[in-house]
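*Asks:* need a 3D model of the sequence below.
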Amino acid sequence: MRQLSLACGKWEGIIHHYRRFLPISDSTPIVTLCEGNTPLIRAKAIEALIGCNMRVYLKYEGTNPTGSFKDRGMTVAVSKALERNYKIGICASTGNTSASAAAYCAKANIKCVIVVPEGRVALGKLSQALAHGAFLCPIAGSFDEALNVVRQICEVEEIALLNSLNYERLEGQKTAVFEICDTLSMAPDFHIMPVGNAGNITSHWMGYKEYYRNGFITSLPVMIGVQAYGAAPLVIGRPVENPETIATAIRIGNPARWREAIEARDESGGTIIAVTDDEIIAAYKLLAQKEGLFVEPAGAASVAGLIKLCREGFFESALAKRRANGSEPTVVCVLTGHGLKDPQTAMSLSSMPEPIPPTKEAVLKAIKANLERG
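*Replies:* Residues are numbered from 1 along each chain as shown. Below is the predicted model of the structure:
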């Protein structure tokens with residue numbers, strides 16, 4: 001078995017660590033950038049804010065090699081593409097998939113083609129794909145139209161499909177919940193995550209069920225998906241023709257894994273809700289300023305959903321049961337991507353002060369004024 005990887009130290013990527021759960025054979029050349037092993041961080045500032053007496057953890061997927069959870073699925077998908085001797089890989093993308101596919105294809109020496117909706121992808125993500133040498137094909141249409149084009153191409157050409165329509169992507173992405181359970185030594189009571197194309201909620205529910213079947217956990221979490229109000233097809237029950245939201249990674253009107261997302265919701269006794277862009281921005285700022293975590297707007301949607309559901313009393317029955325046996329419910333919010341994916345949003349929500357003289361007195365005066373403003 002060949003392995004194309006960086007010098008990873010003790011952690012050698014998700015395929016090495018969770019091989020028994022993945023569709024990998026001895027003949028599969030492993031393409032890895034040492035993805036996975038992302039931190040699960042206790043969020044005490046958020047716990048204090050919501051006042052729900054729950055333990056809140058943040059699964060920060062922004063520390064993956066290209067800055068998002070997509071790397072988990074891409075290591076498996078590109079490894080299998082290389083095993084099958086594909087020379088070209090293709091994907092449609094709202095941004096994160098393009099960056100990940102381009103990086104892993106570069107490592108595997110596979111040509112990468114990215115189809116994107118023109119003007120609707122954060123520049124930080126496009127810059128990654130271009131830097132890795134991907135061939136960019138912007139189309140005058142939506143992500144859903146881009147994905148349809150990619151699907152049609154892969155039906156007639158010998159080109160590897162690298163979107164989450166490729167089941168091997170889901171196999172890799174499920175490893176995030178293995179890490180959560182391994183860290184907590186149990187499954188959380190609630191698992192909250194952003195939902196765009198719905199591959200991630202599908203894969204995470206797969207992962208929990210697989211760990212449960214194999215005896216690694218003794219219970220399953222309630223799955224909660226969070227969409228943006230302007231792109232909430234799973235909430236309203238029909239495709240959204242022109243989805244709009246500041247959270248570009250979940251700006252999708254017709255999720256490819258629609259059916260599976262609904263199954264995850266229903267089988268787990270969960271829900272899929274919508275939050276406003278204002279709620280997403282508030283969570284985005286909260287994570288950065290109180291928890292020290294810079295995430296892309298879509299990543300903050302999970303925390304926005306947590307705050308909204310707490311205020312609506314969604315967790316009360318679980319809290320009552322836990323209080324009866326003297327314990328606290330545990331909730332995990334998935335932060336899907338790093339804030340550097342979308343620096344324009346960060347800049348648009350802040351203002352740069354005017355320059356001041358280069359003197360001690362001027363800087364101290366500015367500091368004092370800032371402290372007085374709070």
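
*Asks:* output the below-cut-off pLDDT ranges for the chain.
*Replies:* Across the chain, the ranges flagged by pLDDT under 70 are 1-9.

*Asks:* tell me where it has strands.
*Replies:* Assigned by DSSP state E, the chain shows strands spanning 3-4, 30-31, 40-42, 55-60, 88-92, 111-117, 135-139, 160-161, 190-194, 222-228, 271-275, 330-335.

*Asks:* show residues contacting the fifth one.
*Replies:* When you say that, I think you mean strand 88-92. With Cβ atoms under 8 Å, 6 or more residues apart in numbering as the test, strand 88-92 has contacts from 77-78, 81, 97-98, 101, 105, 110-116, 143, 146-147, 149-150, 153-154, 158-163. C-betas here are computed from N, CA, C, even on glycine.

*Asks:* pick out the residue nearest the middle of this protein.
*Replies:* By Cα atoms, centre = their mean, the chain has its centre lying nearest to Thr336, at 2.5 Å.

*Asks:* burial measure for the closest residue to that residue other than its chain neighbours, as a count.
*Replies:* In space, and not counting its chain neighbours, Thr336 is closest to Gly299: 4.5 Å by Cβ to Cβ, 6 or more residues apart in numbering. When neighbours are defined as other Cβ atoms under 10 Å, Gly299 has 35 of them.

*Asks:* same question, Ala198
*Replies:* For Ala198, the neighbour count with other Cβ under 10 Å is 25.

*Asks:* contacts only, for it.
*Replies:* Residues in contact with Ala198 (Cβ under 8 Å, 6+ apart) are Ser164, Gly225, Leu234, Pro255, Ala256, Arg257, Trp258, Glu260, Ala261.

*Asks:* tell me the domain boundaries of this protein?
*Replies:* 30-67+169-348, 68-168 (automatic domain parsing).

*Asks:* okay if I get those domains as JSON lines plus distance to Trp11?
*Replies:* Shown next, in JSON lines, are these (distance: least, Cβ to Cβ, whole Å):
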{"stretch": "domain 30-67+169-348", "distance to Trp11": "5"}
{"stretch": "domain 68-168", "distance to Trp11": "13"}
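
*Asks:* surely the residue nearest to the centre of the chain touches Gly199?
*Replies:* No. Counting by Cβ atoms under 8 Å, Thr336 sits too far from Gly199 to count as a contact (11.1 Å).

*Asks:* check contacts around the residue nearest to Thr336.
*Replies:* Contact analysis of Gly299 by Cβ under 8 Å, 6+ apart lists Glu61, Gly62, Pro194, Ala249, Val334, Leu335, Thr336, Gly337, His338, Gly339.
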